[in-house]
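Colleague: What follows is a predicted structure for the sequence shown.
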Amino acid sequence: MKDGSQAGRNLRALIGVLAAMGVSLTGTRISAIALPWFVLVTTGSATQTGLMAFCEIAPYVAVKAFAGPFVDRLGPRRISWSTDVVSATAAVSVPVLHSLDLLSFWLLLPLVAVVGAARGPGDLAKEVMIPEAAERAHVPLERATGISGVTERLASTIGPAAGGSLVALLGPMTGLVVIAVCFALGSAVIAVALPRDMGRAIEPDPSEAEPGYWQRFGQGLNFLRGEPLLLSVIVMVGITNMLDAAFATVLLPVWARESGNGPGAIGLNSSVMGIAAVCGSLIAAAVAHRMRRRTVFFAGFLVAGAPRFLVLALDAPMPYVLTVFAVGGFGAGFLNPILGAMAFERVPRHLLGRVNALGDSVAWSGMPLGGLLAGAAVASFGLVPALTAGGVAYFLTTSLAGLRPEWRQMDMLRGKQQVERPDSPRSEVTTT
């Protein structure tokens with residue numbers, strides 16, 4: 001009986017983190033449709049839509065970059081539930097002010113910025129708890145990151161479908177209320193459902209002086225600079241993230257409006273891609289530890305990136321668009337499990353918060369510019385040239401990056417995790 005109770009407690013840790021991640025990400029995906037569509041239909045401006053996206057993503061990147069030492073020192077559990085409360089409060093303020101006829105575009109921007117700033121450390125904290133949850137549940141790291149990828153893809157399926165339907169039927173403000181509820185649920189799951197000893201702060205060695213914030217920040221920076229593979233991954237993903245942000249926040253909504261398909265088409269395309277990505281993630285969770293990472297990684301990017309841009313640029317019929325999104329989603333489903341397992345294997349546990357924060361922030365650093373550049377490109381050259389340029393840039397980025405020699409290391413360190421302290425020689429242990 002005791003063994004069964006302990007097993008349930010161990011599994012509860014992984015289920016709790018994944019549930020909190022799922023509901024919070026669902027809210028984020030709904031906002032990716034509701035907010036851009038609200039700005040686009042009320043202002044008619046692709047440029048202002050891009051500016052709104054910038055004001056959400058830029059604080060996300062900036063705060064997340066410097067949140068790592070706080071997550072490691074204060075504990076990811078505390079950071080996660082508290083930041084989700086802030087996100088929920090800021091999100092619900094938008095429909096409340098709109099109902100009182102007090103919401104202007106220039107008031108919307110700081111509220112969106114608060115949501116983005118709080119999401120950064122909140123997302124990081126949940127991500128950092130995945131290895132601990134995997135150990136408690138006795139699940140291999142690659143499988144845990146695969147399940148995490150499935151969770152993310154499910155959120156990317158449910159969120160756009162719900163967002164598109166809510167916006168089409170009830171308006172974007174209803175979507176904002178649902179977003180706030182999702183963040184509140186994520187906070188409640190972390191605060192109530194996780195085991196009490198889960199996600200605690202990392203205690204400093206009593207024989208050593210406790211490092212200050214900037215010293216902890218420097219430890220993460222120095223480690224990252226000594227990892228050429230991680231740096232190459234981060235730079236490549238940073239460029240593709242910028243292009244993805246341009247596509248999702250400006251190019252896809254403008255295509256939906258100009259084609260006459262409306263916000264429902266955004267939700268449908270995103271949901272089809274999300275369902276296919278769930279299938280890909282499920283396969284990755286089951287067999288990722290047997291696959292050649294490098295081959296699967298670049299094949300996934302090949303089908304997930306450029307074709308989406310080009311099929312919209314060609315003004316293809318909706319069935320062809322849905323097919324391209326489905327194939328791209330299936331390929332994308334393999335990407336995050338590989339990226340997550342590789343990062344967890346190469347980064348020591350006590351440095352996860354600060355290293356992942358820096359890496360994620362660099363990888364997201366181009367995303368605030370994505371919406372701005374896409375809005376300016378559409379306004380200056382039109383939708384089709386902007387889509388074509390985005391597709392070509394995506395193809396060149398993901399193809400040329402694979403020629404660098406450090407990518408051969410992707411398959412060299414598998415199923416192992418760095419556990420040494422910053423001042424000790426690098427060692428490896430096999431994860432459970």
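Modeller: Everything's here; your move.
Colleague: Please go through this structure and pick out the longest helix.
Modeller: helix 2-43 (DSSP state H).
Colleague: same for it, what does it pack against?
Modeller: Counting contacts by 3 or more C-beta pairs under 8 Å, 6 or more residues apart in numbering; DSSP states H and E, helix 2-43 packs against helix 46-74, helix 76-99, helix 105-137, helix 141-170, helix 172-188, helix 252-259, helix 263-287. All C-beta atoms are positioned from the backbone trio N, CA, C, and that covers glycine.
Colleague: Let me have the ones you listed in CSV, extended by distance to Gly371 and mean neighbour count.
Modeller: CSV is the format used below for those (distance: least, C-beta to C-beta, whole Å; neighbours: other C-beta atoms under 10 Å):
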stretch, distance to Gly371, mean neighbour count
helix 46-74, 3, 23
helix 76-99, 18, 22
helix 105-137, 12, 22
helix 141-170, 17, 23
helix 172-188, 17, 23
helix 252-259, 10, 20
helix 263-287, 15, 22
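Colleague: Those helices into a markdown table, with extra columns for mean pLDDT and distance to Leu230?
Modeller: Listed next are these as a markdown table, based on pLDDT from 0 to 100; distance: least, C-beta to C-beta, whole Å:
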| stretch | mean pLDDT | distance to Leu230 |
| --- | --- | --- |
| helix 46-74 | 81 | 14 |
| helix 76-99 | 88 | 20 |
| helix 105-137 | 86 | 15 |
| helix 141-170 | 74 | 15 |
| helix 172-188 | 85 | 28 |
| helix 252-259 | 86 | 30 |
| helix 263-287 | 79 | 20 |
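Colleague: Rebuild those as TSV, extending it with distance to Ala401.
Modeller: Output for these, formatted as TSV (distance: least, C-beta to C-beta, whole Å):
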stretch	distance to Ala401
helix 46-74	21
helix 76-99	30
helix 105-137	23
helix 141-170	21
helix 172-188	33
helix 252-259	24
helix 263-287	20
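Colleague: nearest to Arg216, of the ones you listed?
Modeller: Comparing the helices and strands packed on helix 2-43 against Arg216 with C-beta to C-beta, the closest turns out to be helix 46-74 (4.0 Å).
Colleague: quick revisit: quick one, which of the helices and strands packed on helix 2-43 gets closest to Gly353.
Modeller: The nearest among the helices and strands packed on helix 2-43, by C-beta to C-beta, is helix 46-74 at 3.7 Å.
Colleague: In terms of secondary structure, what does that closest one contact?
Modeller: With contacts taken as 3+ C-beta pairs under 8 Å, 6+ apart, helix 46-74 sits against helix 2-43, helix 76-99, helix 105-137, helix 213-225, helix 352-364, helix 367-381.
Colleague: now the ones you listed in a markdown table, with distance to Ala162?
Modeller: Listed next are these as a markdown table, based on distance: least, C-beta to C-beta, whole Å:
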| stretch | distance to Ala162 |
| --- | --- |
| helix 2-43 | 6 |
| helix 76-99 | 15 |
| helix 105-137 | 18 |
| helix 213-225 | 36 |
| helix 352-364 | 24 |
| helix 367-381 | 22 |
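Colleague: closest one to Pro69 among these?
Modeller: Comparison of the helices and strands packed on helix 46-74 against Pro69 by C-beta to C-beta identifies helix 213-225 as nearest, at 4.0 Å.
Colleague: and that closest one, average pLDDT?
Modeller: Mean per-residue pLDDT for helix 213-225: 77.
Colleague: next helix or strand past that helix?
Modeller: Downstream of helix 213-225, the first helix or strand assigned by DSSP states H and E is helix 228-246.
Colleague: any idea of the angle that following helix forms with helix 213-225?
Modeller: 100 degrees (axes from the mean of the first three to the mean of the last three C-alpha atoms, to 10 degrees).
Colleague: Which other helices and strands does helix 228-246 contact?
Modeller: helix 213-225, helix 335-346, helix 352-364, helix 367-381, helix 383-400.
Colleague: Taking helix 141-170 as reference, get the angle to the second one.
Modeller: It stands for helix 335-346. Going by the same axes, to 10 degrees, helix 335-346 makes 140 degrees with helix 141-170.
Colleague: and what of the fourth one?
Modeller: Orientation of helix 367-381 against helix 141-170 (the same axes, to 10 degrees) gives an angle of 50 degrees.
Colleague: Same check on the last one?
Modeller: Helix 383-400 runs at 180 degrees relative to helix 141-170, counting by the same axes, to 10 degrees.
Colleague: Which one, of the helices and strands packed on helix 228-246, ends up nearest to Leu176?
Modeller: For the helices and strands packed on helix 228-246, the distance to Leu176 is smallest for helix 367-381, at 18.4 Å, taking C-beta to C-beta.
Colleague: Tell me which other helices or strands that closest one touches.
Modeller: Counting contacts by 3+ C-beta pairs under 8 Å, 6+ apart, helix 367-381 is packed against helix 46-74, helix 228-246, helix 383-400.
Colleague: go again using 10 Å as the cut-off
Modeller: Here helix 367-381 touches helix 46-74, helix 228-246, helix 252-259, helix 383-400, going by 3 or more C-beta pairs under 10 Å, 6 or more residues apart in numbering; DSSP states H and E.
Colleague: Fine, thanks again, bye for now.
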